[in-house]
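Enquirer: Requesting a structural model of the entry that follows:
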Amino acid sequence: MISLKIPTRKTPPPTPAAVLQTLRSCVNRAVEDKDVVGTFLSGGLDSSTVVALMSERDPPPRIVSVCMGFGESSDEFPDASRVAEHYGTEHGEFTLEPMEYLKTLPEIIQAVGFPVLDGYMWFPYQYVANKVTHVVSPIGGDELFYGYANSRRLRRVRQYMTFEMLFNLFGRNRIWAYQTITNRIRPTSLLSLFRGDERRKLMGNNYRDLSSMFEGYFYRGNDFMQEFLDCERETRVPCDYLMLEERIAKALGVTLRIPFTDPELVKLTIGMGHEQNMEGTLGKVLLRKAMAGLLPEWVFKKEKQGFSFPFRSWWSGEFKETIESRLLESEFISETFNVDYIKKIITKRLSLPVLFLLYALDVWVERMA
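Expert: Reported below is the predicted structural model:
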C-alpha cells in the first residue's frame with residue numbers, strides 16, 4: 001500500500017507575490033549557469049510561465065523550444081508559435097506519426113524499464129537533444145495548482161451534488177470512484193479500467209485487486225474531492241511523470257530540471273486545498289494571479305487542452321493491424337490473459353488504451369526476458 005503523509009491544509013494560502021518570487025528562484029536554479037537550454041512549449045500557462053521566467057534572466061539563455069503534435073485539430077502549434085515569437089525562442093515543431101511511435105516503442109521501453117502508454121515524450125526530448133544538453137521541463141504545474149481536467153470534472157460534480165450525495169453515490173467505494181474518474185492507464189492500474197466481473201474476465205485465474213494501492217489517500221475525512229486530488233498529485237508526479245521523463249532524458253543524454261517540483265515551491269504550496277486554488281471550474285487560480293502582468297493576456301484565455309494520446313484517430317491501418325496481430329499471437333498474452341475477452345475488446349472497441357498497454361506489456365516482457 002502507498003502510504004505518504006498528507007499535509008495539513010494551510011490557511012491562508014501563500015500570496016501570489018510569494019508564489020512568483022519562489023517560482024523565479026526555482027527557474028533560476030533549473031537554468032543553472034547554462035547559456036543554452038531546451039524546453040517544451042504548448043502555449044499554455046505552465047510552459048509559457050517557464051519560458052517567461054527564463055527570458056527575464058539577465059542575460060537570458062538561448063531557449064530552444066519544441067512543440068509536438070499528433071496530426072489532430074487540437075494540436076497546439078499556433079499557440080506555441082505565438083508564445084515562442086513573443087519571447088524570441090528558437091522554436092521548432094513536428095508531428096508524430098503512428099508507426100514511428102510504434103517502431104520506436106521497444107527502444108523507449110528498454111530505456112525506461114517498464115511498459116508505457118505515454119512514451120511519446122521520447123520524441124520532444126530527442127528533438128532538443130540534437131541541439132542542447134540541458135532541459136527545463138514545465139511538467140508538474142497541473143498537479144501542484146489543480147489544473148487537470150479531472151480537477152475541473154470533480155468541481156463540476158460538486159456544483160450540483162453535496163458531499164452527502166457524493167458519499168451516498170460512492171459509499172465505501174471511493175477508491176473505485178477515483179480509479180473510474182481518472183481512467184488510470186499505467187502498468188500498476190491497468191485493471192482499473194474495468195469493473196468487477198470484467199477484470200476477472202480479462203485476467204481469469206490471475207485476477208488481483210489493486211485498489212489497496214490507494215487506500216492511504218482515502219477515508220480520511222469528508223472531503224472526497226480533496227482526497228482525490230491529493231492522490232492525483234502524490235502518485236502521478238513522482239510515480240509516473242518524473243520517473244518516465246527522468247529515464248527518457250537520461251537515455252538521450254540530456255540533463256533534466258523541473259521548476260514546478262522544486263522543493264522550495266512544493267513546500268510553499270503543498271498545503272493548499274482545492275478551495276484555495278479553484279474558482280468554479282477554473283483551476284490554477286494562484287498561479288494565474290502570480291503571473292498576471294508578466295504573461296500576455298491571450299495566454300490566460302487559452303483553453304486547457306492537455307496532452308493525450310490520439311488512440312481513436314490512430315486506430316486504423318498498419319498501426320491497428322500490428323497491435324492486434326501481436327496480441328493474438330503472443331504466447332505471454334495467451335498464458336496470462338483471457339484471449340477471448342481480448343478479442344471482444346478488439347471487436348467492440350471497448351477500450352483501445354487497454355489494447356495498446358497490453359501490447360506495450362508484451363514488448364516489455366520480450367525486451368526484459
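Enquirer: For this protein, name the helix or strand with the lowest mean pLDDT.
Expert: helix 163-170 (a mean of 41; mean pLDDT, DSSP states H and E).
Enquirer: Might one say that Thr133 is in contact with Lys250?
Expert: No: proximity of Thr133 to Lys250 does not meet the contact threshold set by C-beta atoms under 8 Å, at 11.9 Å. Placement of C-beta: from N, CA and C, glycine included.
Enquirer: give me every residue that touches the closest residue to Gly317 other than its chain neighbours.
Expert: Leaving aside its chain neighbours, Gly317 sits nearest to Pro98 (8.0 Å; criterion: C-beta to C-beta, 6 or more residues apart in numbering). Taking C-beta atoms under 8 Å, 6 or more residues apart in numbering, we find Pro98 in contact with Trp314, Gly317, Glu318, Phe319.
Enquirer: just the strands in the protein please.
Expert: According to DSSP state E, the chain carries its strands in the segments 36-40, 62-69, 90-95, 134-136, 255-257.
Enquirer: tell me what the fourth one is packed against?
Expert: In other words, strand 134-136. helix 16-31, strand 36-40, strand 255-257 (3 or more C-beta pairs under 8 Å, 6 or more residues apart in numbering; DSSP states H and E).
Enquirer: mind putting the ones you listed in TSV, mean pLDDT and mean neighbour count included?
Expert: As requested, these are exported to TSV (pLDDT from 0 to 100; neighbours: other C-beta atoms under 10 Å):
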stretch	mean pLDDT	mean neighbour count
helix 16-31	96	18
strand 36-40	97	24
strand 255-257	96	18
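Enquirer: out of these, nearest to Val266?
Expert: helix 16-31 (9.4 Å; C-beta to C-beta).
Enquirer: Name the residues that touch the closest one?
Expert: 14, 37, 49-50, 53-54, 57, 61, 134, 136, 257-260, 262, 264-265, 268-269, 286-287, 289-292, 294.
Enquirer: Now, of those residues, which are buried?
Expert: Neighbour-count burial (16 or more other C-beta atoms under 10 Å) is assigned, among these, to 14, 37, 49-50, 53-54, 61, 134, 136, 257-260, 262, 265, 268-269, 286-287, 290-291.
Enquirer: In contact with the most centrally placed residue in the chain, which residues?
Expert: Central residue of the chain (C-alpha atoms, centre = their mean): Tyr241, 6.0 Å from the mean position. By C-beta under 8 Å, 6+ apart, the residues touching Tyr241 are Ile139, Gly140.
Enquirer: Mind doing that once more with 7 Å?
Expert: When contacts are counted by C-beta atoms under 7 Å, 6 or more residues apart in numbering, Tyr241 touches Ile139.
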